[in-house]
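Undergrad: Structure here, sequence nowhere to be found:
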């Protein structure tokens, strides 16, 4: 036997707690399945918003809401194009959510 196996066996025998014995009809415990943190759908959604020039409202983490349409995006930021106001480059970590507002722009 390897030294690792012998060490594991010795530690079992030297432990003060008795080994755990499950009843014969016990089912194996299944832990909760944790949902994936990223669904990888963000890029396709932002692309759709940009292609269709859908008006959106962007709520920022400080509570401010800005309106426009997503013209460009990358991994870290979006460019929000606005009519009658300067365009904005907004870092994604500053965005609380993006919500579609209505019909196609134009």
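TA: Nice, thanks for sending it over. Remember, predicted model here, so these are calculated numbers, not experimental data. Numbers count the residues shown, from 1 in each chain.

Undergrad: CA atoms for contacts and neighbours, from now on please.
TA: OK.

Undergrad: which residues touch residue 42?
TA: Under the criterion of Cα atoms under 8 Å, 6 or more residues apart in numbering, residue 42 has no neighbours.

Undergrad: Distance check, it against residue 76.
TA: 12 Å (Cα to Cα, to the nearest Å).

Undergrad: And residue 53, by the same measure?
TA: 20 Å.

Undergrad: With neighbour numbers in mind, choose between those two.
TA: residue 53 (18 against 9; other Cα atoms under 10 Å).

Undergrad: Now do the phi/psi pair for the more buried one.
TA: Here is the backbone geometry of residue 53 (degrees, to the nearest 10): phi 50, psi 50.

Undergrad: per-residue confidence for it?
TA: The model reports residue 53 with a pLDDT of 93.

Undergrad: Over to residue 38?
TA: 77.

Undergrad: How is it assigned, secondary-structure-wise?
TA: Look at residue 38: counting by DSSP: H, G, I helix; E, B strand; the rest coil, its state is coil.

Undergrad: which residues does it contact?
TA: Counting by Cα under 8 Å, 6+ apart, residue 38 has no contacts.

Undergrad: Quickly run through the sheet partners of the helix or strand containing residue 70, with directions.
TA: Assessed by DSSP states H and E, residue 70 sits inside strand 65-73. Its sheet considered, strand 65-73 pairs with strand 56-60 (antiparallel), strand 77-81 (antiparallel) by DSSP bridges.

Undergrad: Around the closest residue to residue 83 other than its chain neighbours, how many other residues sit close by?
TA: Nearest residue to residue 83, sequence neighbours excluded (Cα to Cα, 6 or more residues apart in numbering): residue 68, at 7.1 Å. If you count neighbours by other Cα under 10 Å, residue 68 ends up with 22.

Undergrad: Residue 68 reaches residue 79, doesn't it?
TA: No - using Cα atoms under 8 Å as the test, residue 68 is too far from residue 79 to be in contact (9.5 Å).
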